[in-house]
Every structure is written in structure tokens, then in C-alpha cells.
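# Mind looking at a prediction? Sequence and model below.
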Amino acid sequence: MWWKEIRVLGAEPKRPRWGVFSRCRAIRRCRCLLFVLIVSLCAFGARGAAGVPGAVAGIDFGSENVRVAVVRTGSGVSVAVDEHSKREAPAVVAFVPVGDGGFERQFGHAATAAAYGRWPEYAVRDVRNMLEWREGESGVHRVGDRCGVQLASHQLLQFTDLEVNGMLLQYAKRVAENAACVDGAADRAASPETHRCGDAVRDVVLTVPAWFNATQRGALVGAARVAGLKVLGLITANTAAAVQYAMDRRVQAQQPQHVLLVRMGARGITASVVRFRAHHPASAIGSAAASAADLSVEVLAHAWNAQMGGRVIDQRVADGLLAAAGQQLAVDTRTWRNDSRLMARLLREAQRAKEVLSANVDTVVHLDSVLNSDRDVRVTLTRAQLEAAARDVFDAIQAPIREVLNATQLSDGARSLDAVIPLGGGTRIPRVQQEILRATGRQVLQRSLNAEEAAVTGAGYYAASLSPMYRVRGMAIHEALPCPISIGIQGDRQRCSTLFGRFSRVPGSRRVTVNALAPNMQVALYEGESQDRSCAALPLLSRYRVMTAASGNGSEPVPPTTADKVSMVFDCDALGHVRLVSAEAVSEGNDSVAGNASTTLGHATNNTINAAATTTTGDESKRTIRWQVTLEADAVEVLPAPIAAAEARLRELDRQDAERRRRARALNELEAYLLEAKRYFRDADGELGRALQQTVSAEQRQPIDRQIEASERWLDEQVGPATAAADIERRLQEMRALLEPVLARAREHIERPRALQELVSWLHSSVEALRRLRPSHAVRDRRGRRHTAEPDTDAVLQQLEEAYRWSQTLPPNAAEPSSGHIRERHRQMSALLQSFWKQQHASRKNASRDADKVDATTSNAPNTTTESAAHHSGDEQTQRPQAQSRVGHSEL
């Protein structure tokens, strides 16, 4: 019992009195502990089945760069690095031609060399912008039912926007898996075939621009599905940065803070006003006193300019460099614009110059061998020239800021803002910072957030909050719907009204009650707002048919008319998708009749749902009869239709890439093995080569030389781009089958004498040490007094001596026993001696403890004779040399 255990430790508690209340409390505690144990085991099993325990990711899917933040249990949110140890990857996908007539896909930094170097016509830059393409624009091709791209006018390089974005998201998924997997973090450069740790990351949160409409958001979700990802939610980049701001800062209770976030990325400019509100005092936030939602992050409004971004500045600087090069070379540069390689190079140099001018007032741009000539161009570019070239971009910064401040209708306008935070790489330009300060009337900007990584870190936290695998700090995140959603009711006449207004809180729901004008009433959802109450010009999102006619319910009478009113509930989820989730039909009168159907509709087409009929009795003078109400969903899918075809094509491309990597790996292994074989068998290089000369006869060497020569000829004459990886692996296996036995004999010829010498030397020193220890037959304390018997030294010494005699009988150049057998014998003897020394140490420790007890007893004795003290002193002096010898051996 527990009170007995406490008594052993020196305490004497009273025997507890087990009352009824104590028993109940103990039972409740046991039940709680058992419940926690069961839940933990279930969660551990679920996580183990996924490969990595509970890894989700947040992906900042930008126009120019892609960043990934991984959420892991015990590690929090961390930004992942790619195979080049970079925390961001360029949003570039390249298809580099290879010798077999195919194309090798490259992503990120590897694709940048092709996109801005040798193969610009085989690369897609700014991949996310493809989701905004429209038919008829320059460079946009029609691929199937969607807009796409055709690279280098090649028929095999026709890809839709879903496929290209899915490829880049696949790459981001691999980066997240390598960061989430323990083995992957140790070896990120390994190929997927030889180094896999399971599908670690499936659930993600993606950042989107504020100007993305429902169709573009659905296309992004479809691209994620093509990549094998499940999107938990979509969040704008500014909102994700606001989440990170809320995690790093403390918000005072009852004092809402309003923060303006201004982002200038490669694609456009976005301004957002976010309200932070704490529901508890600052001292309680993060403590046990705080509730589940102690902080709320609410986006009040967004404003943007999707046409003016950092990429426009790069293009203006590139145009200036092109004009300066034409002046120095005295040529007409109008034809140079058709040279994709030169323009890509100028764009890259312009981007570098822009980054340098953000910190310096001037820079020098060198262009070597322009147009494959021997002439170089040297251009001096100043910050004033950059500001003059991109004046329209800088002038467009203030408009979104004023628009978002007017939309929020703060009491004092910009003076009501608690902070103004710049985000995005474009805000590092001094002129951009000046325009932000001028628009807000402030003196300084708050730069507490990482301008590039705040969005991806906030997206990772949002992913953890949406995932059931994590428990995070209570934070209510309310996004603002940038594009309104309208509803159209079609009956006797068409009516169109706003369902979710602009900047409505997301997630959210709306209940709409209308008069039932027809037995089969049609409800349609549109994107946008109508000024004339007509939805004809708005894009259609989905259509539903609400059949309010009754169908009878057993003994209940069939209502003679349709329902008088229809009440519908629409839901907007974290992805920004609006759906009709429930409907209820009601008939009013003296003999009241009502119908109810509540169900969740997916994205299926022509999906018919019938609710189970129920009957409810109300007031005695009235009856309410509920009959079946049929809802037919004829939804225009927000998610694009050709997802299955895109998934199949990406699987085929993955298979081709895997086969190509397998072939390259097999070819490298075969060439390396041939070089090693020639080094040892022909050149007799190194210790192994000299051992081969001693162990391999001339007759045994002839087939080996023929195999090496045949493999060299096969590599030089027959191996080509079309050679399969299986053929190369088969040739490598044949060479290994012939050479490995010979190499094994040579290695044994080297290792056996070495192992035998190590064993003999170790046994000799160990036997000598035990022989010196043998005269001491008892363990003595630090005063040299004998207390307890030592371990059996003779038995250990006998085994070591037998092993030593066995080692002396072994010939040094014999084949048996092998070096492995000798090393195993060495390991066994070492374990035996180690166990002996542990017992020796334990005996000495016990002896010291017993000596302390004897000293305590002797000091408490009333009478001690001088003779016994002298005798004890003499005994101590007699035994001290042995104790010193013992200590010396222990140190040895």
C-alpha cells in the first residue's frame, strides 16, 4: 500500500480513512487516466498509420516564390528548406530536353537555371498567374476545356493551368515531407524511390491573393487535389501574416487594435485592415484562466491593385537596360524582344539591380557577350532612374490604402490605426515605404514581422488550428470574403439579391426565407452583385431545385396546395465555397402543414435527396403535418472537371521521371564499379589491389579481364538514351556476381591477420591485468579493511587464458576461422570482462557503504581500549599497501 511505501522513506503518515467521497474521487481519477490513455493510444495509432505523427503544412503559394511551413508535434511551426537548403523556392517549372527525346521536369532553383539560361522557352515562370489567364490573351493556349500553355511549340508540352500548378504543389509537398520526416530531414537529396517515409503531408492550408474570385479559388483547390493534397482552408496572405502578428504580440483586453497590413508582391499591391480583440486581460492570455477563444482576428476589409507589382518594376528596369545596350552597341533593339533568352537574362539582371538599389543609391549592371557576340555592355543604374522608370507603380500604392480605410469606416481614419506593417519583398524599396507613410500620415512603419515569411508561418498555424490532430492557442480567425455572392430566386418572376456581401465574415452562414411561388422553385447562386436586381450578367456558381409539393405521408392527408414559405440555410466554408445545406417548407393556416428536409449537399451533379418524413403534433386546435421535400442540386462545379485527367497525366510524368532517375543512378553505379575494378585488377592500386595479386591466379584473372573489357565496349557502343534502366542494372549484377567473390577473398586476406593481431594483443593485456589483481581475494575499503568477497576472478581469468591459447594456435595466413569469427570471439571476451569490472565496481561500492556503517557504530561505542585502537591502527597500516595496489589496478 502507498502508506507503507512512505513509511520506508522515513515518514509516518496516518492510515487514510477511505470514505465514500474519497472512493468516488479515486474512481473518477482512474477513469480519467484510463480515458486519456485510450485516446493517446488511438491518436498514436492514427498518426503512425500516416507515416509521420500528425504533420500538416501551410503553403504560401506566391506568384514569384513558394514557401512551406510544416507543423509537427513537439516542434511547432517551422519553415521548411528545399534540397538547396533555401527557405523559399522560385515558382518556376522547367521541362529540360534530354537525349532520349523526352523532357526532364525541374522545379524551384534547379528550374531557374533553365528558365533564365539555356532553355527559357521550355519553362513556365510565375506559375500561379496561370490561374488568372483568360482565353485570347497573349501566350494563352486552349488545352482541352481550360486555358494552358504550349512550350517551344512542342505537342508533348501542352499543359493546362491545373497540371502546371499541380506539379509545383507536388514539389512543395515533397519539400514538406522531407522536412516532416526524420529520415528525410537527414537526407533531403535522396530520390523518392530509394528514400520514402510515407505520405507524411496531406492536409494543407494555401494562401491566395485577395483578388482571387470563386472560380480561381476553386481552380487552386483543384490543382491541390491533382497534387494529392487536401486543402483544409484558403487564407489571404495578409490575413495569414495577421495571424502570425497575433501570435507574437499581446493584445489588451477591451481595447481592440486596428492594424493596416500593406503587401507589395510580384503580382500586385494589397492593403488590409485587421481588428485584434482580446477577451481576457493580457495577464490571462496564454494561461489556464483564458478560455478556448481568448483572441479574435477579424479582417475588416481588403483593397488591391492586381496590375502593379514588383514584376512590373522588373520589366521597366529591363526595358531601360535594353535601351542602354542598344545605345552602346549602336543597333536597333526592336528585334531583340523576340529573343526569349536575351529577354529572360535582362529580366533576371533587372531583378538583381532592383534588390541592390533597395539598399544602395546606384549599381552597375554587366551584360557579357550580348547576342552571342564578343561585345559586353556595362550600364550604371541609379535609384532615381528606377523611381522614374516605375513612377506609375509607385503612384498606385496609395489608392488601395485609401480605399481600404474608407471601406472600414474607422472613426478617425488612419489615426485610428495602432500599427502599419509592410509585407512582401517589394516593400523593401525605399520609395514604396515613403508612399505608405504618406498615405497613412505616419512617421515610421512597424517592422516586427518578417516581410517574406510571416504569411507562410501564419498559414501553418491556421492549418494546425483546422486539423483535429493539434491543440493550439484559442484564436478565432475570421476572414473577409472579397467577392460578394448573390442569390437568384426563379418562380413567377426572377429576383436577385445579395446573399454574402463584400467582406462578409468567413466562415459564416445565412438563412433566407422566401414565399413559395411555384411547386418547383429554382434557386441559383451567382458570383458578384447585381445593380438592377438581375443576375443574367453574373457568373453562375450553382443551381438548386426546391420541390415544395407534398407527396403524402401514410395516414396523413395530402395537402391540397404547396407550401407558403421556404426557409433555406446557406453556408460559406473556409474555402470560400457557398452551398445550400438545408431547406424547410412551411404551410400556414388553420390546418397547418409543414415539410422539412435538412441535408448536406456535396458537389455531385443531379443529386436528389429525400428527407425522412416525420409528423409533429402542435396545438390541439392545429395540426402540423411534415411531408417529404425534395431538393435537387444541379451544381455548376466550382472545382474544375478535368481533375481526373490531370491526375493521370501527372502520375505518368512521375513514372517517367522515376524511370529516368533510376537509369541515371544505375549508369553511375556501373561506371563507378568499372573504374574500381580496373583500379584493383589492372593497376593493382592500394592495399586491396596488392592483395588481389596474391590471392588471384592468372587463370582466375582471365574471365575477369574479359568481363571488364566487354562492359567497357557495351558502355561505349551500345548504351544510349533509349537504353532501359533494367538492362544497365542487369549488366551491373553480372559484373558483381563475377567480381565480388574474388574481392571478398582479397578483403579477407587483409582483415584476418589484422583481426587476429588485435585479439591477441587485447587478450594479453587483459590476462596480465587479472593476474595482477588475483592476489587480492577480498574487496577492501578506502582504509584497507576487508568486508565482502570479490567476484570470481579465477573463472574469468581461466576463460581469457583459454581464448589466448586458442588465438596462439591460429596460423596467420589460414582461411579458417574467418575474420568475422575472430571478431565475434573478441566481442564475447570483451563483454565478459566488462561485466566483471561492473561487478567489481558494485562490490567496492557496497564495501564503502558497509565501512561507513561500521565507523558510525564504533564512534557511538562507550569504551574503546588503547590496545584495540593500536591493533586497528596496525592492521590498517598492514593492509594499506594492498589497498593502494588495488586502487592502482582499478585505474588501469
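Everything's here; your move.
# any idea how far residue 55 is from residue 204?
10 Å (CB to CB, to the nearest Å). Where C-beta positions appear, they are placed from N, C-alpha and C, glycine not excepted.
# Pull up the overlap in contacts between the two.
residue 176 (CB atoms under 8 Å, 6 or more residues apart in numbering).
# shouldn't residue 124 be in contact with residue 106?
No. Using CB atoms under 8 Å, residue 124 makes no contact with residue 106, being 11.1 Å away.
# residues shared between the contacts of these two?
93, 94.
# Can you tell me the closest non-neighbouring residue to residue 501?
Once flanking residues are discounted, residue 501 sits nearest to residue 484: 5.3 Å by CB to CB, 6 or more residues apart in numbering.
# residues touching that neighbour, list them.
Taking CB under 8 Å, 6+ apart as the test, what residue 484 contacts is 498, 499, 500, 501, 502, 504, 527, 528, 529.
# other SSEs contacting the top helix by length along the chain?
Using DSSP state H, we find that the single longest helix of the chain is helix 725-773. If contacts are counted by 3 or more CB pairs under 8 Å, 6 or more residues apart in numbering; DSSP states H and E, helix 725-773 sits against helix 643-677, helix 686-695, helix 698-717, helix 793-808, helix 819-859, helix 866-891.
# got TSV for those, with mean neighbour count, mean pLDDT and distance to residue 730 too?
TSV is the format used below for the helices and strands packed on helix 725-773 (neighbours: other CB atoms under 10 Å; pLDDT from 0 to 100; distance: least, CB to CB, whole Å):
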stretch	mean neighbour count	mean pLDDT	distance to residue 730
helix 643-677	16	90	9
helix 686-695	15	82	25
helix 698-717	13	88	11
helix 793-808	15	86	44
helix 819-859	14	80	30
helix 866-891	12	40	60
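# can you redo the ones you listed as a markdown table with distance to residue 70?
Converted to a markdown table, the helices and strands packed on helix 725-773 look like this (distance: least, CB to CB, whole Å):
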| stretch | distance to residue 70 |
| --- | --- |
| helix 643-677 | 22 |
| helix 686-695 | 44 |
| helix 698-717 | 42 |
| helix 793-808 | 53 |
| helix 819-859 | 42 |
| helix 866-891 | 51 |
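# between those helices, which gets nearest to residue 331?
helix 643-677 (41.7 Å; CB to CB).
# tilt between the closest one and helix 698-717?
140 degrees (axes from the mean of the first three to the mean of the last three CA atoms, to 10 degrees).
# mind checking how far the residue positioned nearest the centre of the chain is from residue 466?
In the chain, the centroid-proximal residue (CA atoms, centre = their mean) is residue 176; its distance is 2.8 Å. Distance of residue 176 to residue 466, given as CB to CB: 16 Å.
# same thing with residue 220?
From residue 220 to residue 466 the distance is 17 Å (CB to CB).
# likewise residue 89?
24 Å.
# repeat for residue 710
61 Å.
# the domain parsing of the protein - what is it?
According to automatic domain parsing, the chain comprises the domains 2-49, 50-248+450-475, 310-395, 484-641, 645-750, 753-859+867-891.
# which of those domains sits most buried?
domain 50-248+450-475 (a mean of 20; mean count of other CB atoms under 10 Å).
# Now do it, average pLDDT.
Per-residue pLDDT over domain 50-248+450-475 has a mean of 83.
# now swap in stretch 536-547 and tell me
The model assigns stretch 536-547 a mean pLDDT of 81.
# show me what contacts residue 316?
386, 389, 390, 393.
# same check, this time on residue 124
By CB under 8 Å, 6+ apart, residue 124 lies in contact with 92, 93, 94, 130, 149, 151, 159, 164.
# Surely the last one and residue 130 touch.
Yes. If you go by CB under 8 Å, residue 164 and residue 130 touch, sitting 5.8 Å apart.
# Spatially nearest residue to residue 95, not counting backbone neighbours?
Taking CB to CB, 6+ apart, and ignoring the residues beside it in sequence, residue 95 has residue 103 as its nearest neighbour in space, at 4.0 Å.
# residue boundaries of the helices in the stretch 251-400 of the chain?
Taking DSSP state H, counting those that start in this stretch as the test, the helices found in the stretch 251-400 of the chain are 310-329, 340-357, 383-389, 391-395, 398-408.
# right, and the ones you listed - which one's nearest residue 667?
Judging the helices of the stretch 251-400 of the chain by CB to CB, what sits closest to residue 667 is helix 340-357, at 30.0 Å.
# so how far is that closest one off the chain centroid?
Helix 340-357 has its C-alpha centroid displaced from the chain centroid by 31 Å (CA atoms, centre = their mean, to the nearest Å).
# go on, stretch 124-132?
With CA atoms, centre = their mean, you get 22 Å for stretch 124-132.
# just the CA coordinates of it, formatted as PDB?
Only the C-alpha atoms of stretch 124-132 are listed here, as PDB (Å, rounded to 0.1, in the frame of the first residue of the first chain):
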ATOM      1  CA  VAL A 124       6.900  28.400 -67.000                       C
ATOM      2  CA  ARG A 125       7.600  31.300 -64.700                       C
ATOM      3  CA  ASP A 126       5.100  32.800 -62.200                       C
ATOM      4  CA  VAL A 127       3.100  29.600 -62.300                       C
ATOM      5  CA  ARG A 128       0.200  30.800 -60.100                       C
ATOM      6  CA  ASN A 129      -0.600  33.500 -62.600                       C
ATOM      7  CA  MET A 130      -1.800  30.800 -65.000                       C
ATOM      8  CA  LEU A 131      -5.000  30.500 -62.900                       C
ATOM      9  CA  GLU A 132      -5.800  34.100 -63.900                       C
END
